[in-house]
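>>> any chance you can model this:
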Amino acid sequence: MSDRLNESHRLLLVFGAALIAACGASGDVGRGPTGVGSPPRVSPGGETPSGPQPGCPGYVDQSHCPPFATGGPYSVSGVLTLRTANGTAPLASTGVGAFVVTTNGNSYGMAPVITDADGRYRFSNVPNGQVFLFGGAPHAYQPCVAIATVSGANGEKDIEILDSAVTRPLTAADSPILSGIVYRSTNAGRQPVAGAAIEFEYPAAIVAQTITDAQGRYSLCGLPMGRGGLNVWLDGLPVGGSVVNISGDQVLDFDLSK
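Next up is the predicted model:
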């Protein structure tokens with residue numbers, strides 16, 4: 001089990017560094033040191049460079065292929081949009097990441113791709129299974145999980161990320177929703193903590209994230225059913241977390257004073 005966890009942690013490091021490089025942004029990947037490997041080159045529209053097939057097609061780290069077959073005959077595509085106070089628009093020249101959970105239970109990160117001028121992305125070499133998608137842009141978050149299902153045909157899924165200054169109204173279609181309040185207990189009662197980062201991890205990738213508002217509230221939506229992890233960060237440091245079993249809408253608060 002420890003070897004599997006160590007491999008998942010290493011993969012997250014490589015995947016985070018590669019996605020940041022694809023986005024053209026600098027900064028901390030939030031999981032450890034950067035520079036753990038050279039990220040794959042990607043081109044606008046989401047295709048990897050043409051040429052011989054790698055030993056592990058589509059895998060994020062070509063220097064360390066996993067002990068199982070990767071890749072497949074299908075593709076996953078869609079449009080990445082950014083919601084701001086002025087509305088929603090396609091986001092060009094921006095990195096998109098993908099984490100695959102195959103039908104036989106294997107999972108791995110794919111090499112990130114770049115959106116084209118119309119905000120479209122495309123992953124090739126995709127097997128049957130579920131593909132968890134996430135866009136990366138400075139000062140933006142993706143509170144709703146974007147999942148494309150591939151079953152004998154190409155998949156398609158649009159991705160929406162939010163500017164940190166706006167919120168996204170939730171509807172019944174966004175269920176399962178996980179929400180709550182991050183606070184500190186004081187003699188005067190609960191004091192909300194604004195600006196805390198909330199991440200949902202499933203199974204070994206961050207597939208949704210948001211920040212708490214002025215009242216310490218957060219909401220994550222479209223979560224996959226089953227066991228996942230919730231991580232709470234404040235000022236770049238981990239301050240809390242929990243294992244959650246998603247079976248429907250639920251509420252989970254965090255007291256950072258404990």
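>>> pLDDT score assigned to P44?
Looking at P44, its pLDDT reads 41.
>>> if you could redo that for Q215, that was the one I meant.
97.
>>> please, which helix or strand holds it?
Using DSSP states H and E, Q215 is not contained in any helix or strand.
>>> correct me, but it touches P192?
Yes: Q215 lies in contact with P192 (CB atoms under 8 Å); the separation is 5.0 Å. C-beta coordinates here come from the backbone N, C-alpha and C atoms, glycine included.
>>> list residues touching both of the two?
I181 (CB atoms under 8 Å, 6 or more residues apart in numbering).
>>> of these two, which one has the most company?
Between Q215 and P192, counted using other CB atoms under 10 Å, P192 has the larger neighbour count: 15 against 12.
>>> give me the helix or strand of the chain that scores worst on average pLDDT.
Lowest by mean pLDDT, DSSP states H and E among the helices and strands of the chain is helix 2-23, with a mean of 45.
>>> P176 and V244: what is the separation?
P176 is 10 Å from V244, where distance means CB to CB, to the nearest Å.
>>> with L162 instead?
22 Å.
>>> neighbour count winner among the two?
Per other CB under 10 Å, whichever of L162 and V244 has more neighbours is L162, with 22 against 19.
>>> give me the pLDDT value at that one.
pLDDT, read off for L162, is 96.
>>> mind checking the SS state of it?
strand (DSSP: H, G, I helix; E, B strand; the rest coil).
>>> that one bridge partners, please.
R83, Y141 (DSSP bridges).
>>> surely it touches R168?
Yes: L162 is within contact range of R168, at 5.6 Å (criterion: CB under 8 Å).
>>> quick check: neighbours shared by the two?
When contacts are counted by CB under 8 Å, 6+ apart, the set common to L162 and R168 consists of 83, 143.
>>> can you name the residues that contact Y108?
11, 59-60, 66, 70, 99-100.
>>> do N231 as well
Counting by CB under 8 Å, 6+ apart, N231 touches 198-199, 201, 206, 238, 240-241.
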